[in-house]
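K.L.:
With the input below, show me the fold.
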Amino acid sequence: TRASLMTGRYNQRTKCLDTYLARSMMASDEVTIAEALQGAGYATGIFGKWHLGDNYPMRPSDQGFEYSYIHKGGGIGQPSEPIENGRRYTDPILFRNNTEITTKGYCTDLYFDEAIKFIAKSMTAQRPFFAYIATNAPHGPFHDVPEKLLEYYKTKDIASIMPADQRANPNQIDKVQRIAAMITNIDQNVGKLMSMLKTNELIDNTIIIFLNDNGPNTHRQTGEFRGHKSDVHEGGIRSPLWIHWPAKFKTGKKITSNIAAHIDIMPTIMDACELGVPEAFAFDGRSLLEKSLNPETTLPPRPVVILAHRGASLVRYLIFMIRDLQWKLSN
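P.N.:
Numbering: from 1, shown residues only. Predicted structure coming up:
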């Protein structure tokens, strides 16, 4: 997902085939959205999760981000983190511009606070900015979550909204309470970011994009859809995408007459920033700008493909789906 977000291309083209065992390293000759925007004069910063290579020439600093404030690998509490971090989300060891640093606070709070500082600095320098905030929460391990929020969810009847076969399992209830605490913490931080943009009169002409990369990691709340992370049922792959841009978009507009995917984010941002959608970038995605500005616009039909199995080699039709607006084929 992250390789596709950064390049507008299907991840298999970028040599990023999996999330672990050295298969999550994106080819260094890929052109990222950060490189494209940096070349146009934007300040570029990443906060949180990169997960496309921890060493030269694959680090964020090598791929267009002039400022980076990240953890290593796929997440805090995973083998790539410094062993002395002890899997902690609170006061974690992070990396600022490739230098290891000690911190104070919960990881998600730290990412957003640092992003807000980056935006303020860019504003002072009168530079347009691109801030990529990718949280590692909600994600396991779930032992370290915001305590006050966990206490709050301990008072709620979480079991009533869980799948029937999990409602009597105290471990599953505890897990969902912890995930809810992580999610609410993200909500609070998005609110903090929005407030900062409003206070500084940046909110109207700042494009804010919010999305997640897949469904839940176990059978949980997916509304009317079945499935979860790592499968190709709608509950595993259909994700929300919000775009907030008051200067251009009317509020409360929902567009359902189109199929969009992660590969469309980079072309859309480049189009919105008046950089065009160059053929030389060999995008698999396309700009959603015209459709977002005018939902009556008809885009040419095209399929979206997901091949999501693990391993170093591609296997035809394994954990696979292809769909357009009307039909979906999956294995």
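
K.L.:
hmm, who's touching the helix or strand hosting Ala131?
P.N.:
Per DSSP states H and E: Ala131 is located in strand 129-134. With contacts defined as C-beta atoms under 8 Å, 6 or more residues apart in numbering, strand 129-134 is touched by 2, 33-34, 37, 42-50, 65, 111-112, 115, 118-119, 122-123, 193, 269. C-beta: built from backbone N, CA, C; applies to glycine.

K.L.:
Adjacent strands (with direction) for it?
P.N.:
Using DSSP bridges, strand 129-134 pairs in its sheet with strand 43-48 (parallel).

K.L.:
Can you name the residues in contact with the strand it pairs with?
P.N.:
Here strand 43-48 makes contact (C-beta under 8 Å, 6+ apart) with 34, 37-38, 60, 64-71, 107-108, 111-112, 114-115, 118, 121-122, 125, 127-136.

K.L.:
Quick check: next helix or strand after it?
P.N.:
Next along the chain after strand 43-48, taking DSSP H and E as the criterion, comes strand 67-70.

K.L.:
what helices or strands is that following strand leaning on?
P.N.:
Helices and strands touching strand 67-70, by 3 or more C-beta pairs under 8 Å, 6 or more residues apart in numbering; DSSP states H and E, are strand 43-48, strand 94-96, helix 107-124.

K.L.:
how about the last one: buried residues?
P.N.:
Read it as helix 107-124. Using 16 or more other C-beta atoms under 10 Å as the test for burial, helix 107-124 gives 107-116, 118-119, 122-123.

K.L.:
and those residues as a markdown table, adding pLDDT and distance to Ala247?
P.N.:
Putting those into a markdown table (pLDDT from 0 to 100; distance: C-beta to C-beta, whole Å) gives the following:
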| residue | pLDDT | distance to Ala247 |
| --- | --- | --- |
| Cys107 | 98 | 32 |
| Thr108 | 98 | 28 |
| Asp109 | 98 | 29 |
| Leu110 | 98 | 30 |
| Tyr111 | 98 | 26 |
| Phe112 | 98 | 23 |
| Asp113 | 98 | 26 |
| Glu114 | 98 | 26 |
| Ala115 | 98 | 21 |
| Ile116 | 98 | 21 |
| Phe118 | 98 | 22 |
| Ile119 | 98 | 17 |
| Ser122 | 98 | 18 |
| Met123 | 97 | 16 |
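
K.L.:
Among the residues you listed, which one lies nearest to Phe225?
P.N.:
Thr108 (26.3 Å; C-beta to C-beta).

K.L.:
The closest one and Pro92, how far apart?
P.N.:
Note on Thr108: its distance to Pro92, by C-beta to C-beta, to the nearest Å, is 10 Å.

K.L.:
gap between stretch 75-93 and the chain center?
P.N.:
Its chain's C-alpha centre and that of stretch 75-93 lie 20 Å apart, by C-alpha atoms, centre = their mean, to the nearest Å.

K.L.:
Just the CA atoms of that stretch, as PDB, please.
P.N.:
Provided in PDB are the C-alpha atoms of stretch 75-93 (Å, rounded to 0.1, in the frame of the first residue of the first chain):
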ATOM      1  CA  GLY A  75       6.100  -0.700  13.300                       C
ATOM      2  CA  ILE A  76       7.100  -0.100  16.800                       C
ATOM      3  CA  GLY A  77       7.400  -3.400  18.600                       C
ATOM      4  CA  GLN A  78       8.600  -5.200  15.500                       C
ATOM      5  CA  PRO A  79      12.100  -6.700  14.900                       C
ATOM      6  CA  SER A  80      13.400  -3.600  13.100                       C
ATOM      7  CA  GLU A  81      13.200  -1.300  16.100                       C
ATOM      8  CA  PRO A  82      16.200  -0.700  18.400                       C
ATOM      9  CA  ILE A  83      16.200  -3.600  20.900                       C
ATOM     10  CA  GLU A  84      16.500  -1.200  23.900                       C
ATOM     11  CA  ASN A  85      13.100   0.400  22.900                       C
ATOM     12  CA  GLY A  86      11.500  -2.700  24.500                       C
ATOM     13  CA  ARG A  87       8.400  -2.600  22.300                       C
ATOM     14  CA  ARG A  88       7.100   0.600  23.900                       C
ATOM     15  CA  TYR A  89       4.700   3.000  22.100                       C
ATOM     16  CA  THR A  90       5.100   5.500  25.000                       C
ATOM     17  CA  ASP A  91       8.400   7.400  25.000                       C
ATOM     18  CA  PRO A  92       9.600   5.400  22.000                       C
ATOM     19  CA  ILE A  93      13.000   5.600  20.400                       C
END
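
K.L.:
average pLDDT across it?
P.N.:
For stretch 75-93, the mean pLDDT works out to 95.

K.L.:
where does Thr251 land on pLDDT?
P.N.:
77.

K.L.:
again, but for the one 10 residues further on
P.N.:
pLDDT, Ala261: 95.
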